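# Predicted model follows, preceded by the sequence.
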Amino acid sequence: MAAAVAGAFLLGAGAAQAADLPVVPKVMPAEVKAPDPLIGFAFYSAYATDYNFRGVSQSNLQGSYQTFFEAQFFNNFAYAGFYTWQTRLPTRPDFEFDLVAGIRPTFDKLTLDLGVIYYFYPNEQRLINPFTGAFLTTANTDFIEYAAKALYQATPELLLGANVFFAPNYLGQHTEGTYASGTLAYTLPATLFPFLPDWASGGFTFSGEGGHYFLGASKTSVNGFIGGREKFASFNLPSYNYGNVGLTWAYKNLSLDVRFHTTDLTPTQCFQLTGDFRGNINGGTSRWCGDAFIGTIKWQGSTASPGVYAEPGGFLNLFR
């Protein structure tokens, strides 16, 4: 059966990189503390050996360049920004472009993030069987997702999180998609790395995520046509469990991450979910949802944590 989904997953939301740690600013005396900024920003540029979104490869198990920029208003209470991701999907979009906006109210150790994400895949091309004329992908997989996230600083070292993402028209499939997960991030003590110099031993964080994707029944032309009140046949998309665990090392504006991703999707379910083009000639299977080790190198900064940009030597201080 042709895949019911064109495979245009994201990751969004900015979406769901495991356990990004907020920067805790130093507390200054009230008489010298600077006023909260009305406008700030955050950005990153990254390269990953695979773009994996909630357990599924979006770049055909190949490398992916990624960027992010966000404007923050009223001391990061409100935000708006975008992500770009290099993809290799069945509908062959030029790339993935995600628009994000929302608010981040803070209550002592608890930070909430209530936002909306629009996933845009420019210049998609429907894949059609050249022999039968049957549709193998949908024509448009753009969609909107609503996000609710919470982070709780349980201890100075331990950060706990919970996330819920809801899409009323998941990947343009005319069905709902809900992803719920929990995260944790633990800053490792420098004493665990006595073999490293002082400047490198204190930047390690262990983090992980576990979640479940609840997916409904798609109703698109890919499933075939039926008569009666329904125009298209329906196909039950496979819901699944997903998890990742990894180690991140950060130094000033640079971070390196090595992470293991896994799902409980079978190769057949993976093809049904993603529409991986290889499945049309290999018996209906895909490797896009299998276990994967992925490395990421990222250059990042923000007005809250400028790193080398706040130092007199600028970029050269990365090497000191």
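Yep, that arrived.
# which residues of the stretch 51-200 of the chain fall in strands?
52-53, 56-57, 64-73, 78-85, 96-103, 106-107, 110-120, 143-153, 158-167, 177-187 (DSSP state E, counting those that start in this stretch).
# just the stretch 201-320 of the chain next, same as before
With DSSP E, counting those that start in this stretch as the criterion, the stretch 201-320 of the chain has strands spanning 204-215, 217-219, 234-236, 240-251, 254-263, 292-302.
# For I144, which non-adjacent residue is spatially closest?
Nearest residue to I144, sequence neighbours excluded (C-beta to C-beta, 6 or more residues apart in numbering): Y118, at 5.4 Å. Bear in mind the C-beta positions are built from the backbone N, C-alpha and C, glycine included.
# same deal with T175?
Using C-beta to C-beta, 6+ apart, the nearest residue to T175 is G216, at 3.7 Å.
# Pull the number of nearby residues for the one you found.
Per other C-beta atoms under 10 Å, the neighbour tally for G216 reads 16.
# Contacts only, for it.
Y170, T175, E176, G177, N236, L237 (C-beta atoms under 8 Å, 6 or more residues apart in numbering).
# can we see that at 7 Å?
Applying C-beta atoms under 7 Å, 6 or more residues apart in numbering, we find G216 in contact with T175, E176, L237.
# Can you tell me which of those is closest to L184?
Nearest to L184, judged by C-beta to C-beta, of these is E176 at 27.5 Å.
# you'd agree the closest one is up against E145?
No - in this structure E176 lies outside contact range of E145 using C-beta atoms under 7 Å: 10.7 Å.
# shared neighbours of these two, anything?
Contacts common to E176 and E145, judged by C-beta under 7 Å, 6+ apart, are A167.
# The contacts of G216, buried ones only, as a PyMOL selection?
The PyMOL selection below is limited to those of these classed as buried (16 or more other C-beta atoms under 10 Å):
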select buried, resi 175+237
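# Compute the number of surrounding residues for L89.
L89 has 27 nearby residues by other C-beta under 10 Å.
# again with T262
Neighbour tally, T262, other C-beta under 10 Å: 15.
# from what I can see it touches G246, true?
No - with contact defined as C-beta under 7 Å, T262 does not count as touching G246 (11.7 Å).
# Relative to F41, which of the contacts of G216 is nearest.
E176 (33.7 Å).
# what's near enough to touch that closest one?
Contacts of E176 by C-beta under 7 Å, 6+ apart are A167, P168, Y170, G216.
# can you rerun that using 8 Å?
By C-beta under 8 Å, 6+ apart, the neighbours of E176 are F166, A167, P168, N169, Y170, F214, L215, G216.
# Most neighbours out of those residues, which is it?
For the contacts of E176, neighbours tallied by other C-beta under 10 Å; top is Y170, 26 neighbours.
# what's the nearest residue to it if we skip its chain neighbours?
Using C-beta to C-beta, 6+ apart, the closest residue to Y170 is G177 (3.1 Å).
# ok, how many other residues are close to the one you found?
Neighbours of G177 using other C-beta under 10 Å come to 23.
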